[in-house]
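Enquirer: fold the following.
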Amino acid sequence: MEAGLSWTDERVDLLRRLWEDGQSASKIAAQLGGVTRNAVIGKVHRLGLAGRVKAVPAPVNGRRKLEREAEAEASPIEVMEEAPEPIAITAHRPAPDFPPPAAPTADSVPLAVSERVTIMDLRESMCRWPMGDPTTPEFRFCGARSITGLPYCTHHAQIAYQPAAERKRDRRVAGFR
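Expert: Residues are numbered from 1 along each chain as shown. Coordinates of the predicted model:
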């Protein structure tokens, strides 16, 4: 808005007349000059001018909207008996094929404490599975040899990358829906 133009009584009266005549805010701004469409809308709201009634729709092919609605109600509507089955959401990449778990042997033992590593000792080829509470000094990462291309060892990758069907089944068993 130009510095010299303001909402004088004459400009406000013209705004009221044009608004009541049904002119658009853009047309009113153009006729007043020196104000934007948004300035007109703001002034209309500040003045508390009534909103406008929407125009009655023009006849389409000689018929009004009510006639078209009545005709639409009279026509049979196709109703689906059952909603279609939703499309399953799949992961952006399938879970990797893991080697079958080795049968437990007498010499198999849980991870040795010495395999657990701190963030400072963690290397690219080591399993990054977090172990323990991250807020304690005892927090470590698994540190076992990771599968090429994955951040986890075989054991932790099987936990992290479960197929969707297994996750769904496990949730149902746990009582979640």
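Enquirer: what sits against Trp7?
Expert: Leu15, Lys43 (Cβ atoms under 8 Å, 6 or more residues apart in numbering). For every residue, glycine as well, the C-beta is placed using N, CA and C.
Enquirer: tell me the secondary structure at it.
Expert: Here Trp7 is recorded as coil under DSSP: H, G, I helix; E, B strand; the rest coil.
Enquirer: against Ala157, how distant is it?
Expert: According to Cβ to Cβ, to the nearest Å, Trp7 stands 70 Å off from Ala157.
Enquirer: quick one, phi psi at Arg140?
Expert: According to degrees, to the nearest 10, the main-chain angles of Arg140 amount to phi -140, psi 170.
Enquirer: just say helix, strand or coil for Arg11.
Expert: Arg11 is classified as helix under three-state DSSP.
Enquirer: what is the burial count for it?
Expert: Arg11 has 16 neighbouring residues, counting by other Cβ atoms under 10 Å.
Enquirer: now Lys27
Expert: If you count neighbours by other Cβ under 10 Å, Lys27 ends up with 14.
Enquirer: what helix or strand does Tyr152 sit in?
Expert: According to DSSP states H and E, Tyr152 maps onto no helix or strand at all.
Enquirer: for this structure, which segments count as helices?
Expert: Listed in chain order, the helices of the chain (DSSP state H) span 9-20, 25-32, 37-47, 65-74, 154-160, 164-174.
Enquirer: lowest average pLDDT across those helices?
Expert: Mean pLDDT is lowest for helix 65-74 out of the helices of the chain, coming in at a mean of 65.
Enquirer: pretty sure Gly132 contacts Arg140?
Expert: Yes: the pair Gly132 and Arg140 qualifies as a contact (Cβ atoms under 8 Å) at a distance of 6.2 Å.
Enquirer: more crowded one of these two?
Expert: Here Gly132 and Arg140 are set side by side on neighbour count (other Cβ under 10 Å), and the busier one is Arg140, at 21 against 12.
Enquirer: next, the contact list for the closest residue to the more buried one other than its chain neighbours, please.
Expert: Nearest non-adjacent residue to Arg140, counting by Cβ to Cβ, 6 or more residues apart in numbering: Arg116, 3.8 Å away. Neighbouring residues of Arg116 by Cβ under 8 Å, 6+ apart: Met131, Arg140, Phe141, Cys142, Gly143.
Enquirer: from Ala157, how far off is the fourth one?
Expert: Yep, that's Cys142 we're talking about. 11 Å.
Enquirer: try the second one
Expert: Here the criterion is Cβ to Cβ. By it, Arg140 lies 18 Å from Ala157.
Enquirer: now do the first one
Expert: Shown here: Met131 relative to Ala157, a distance of 15 Å by Cβ to Cβ.
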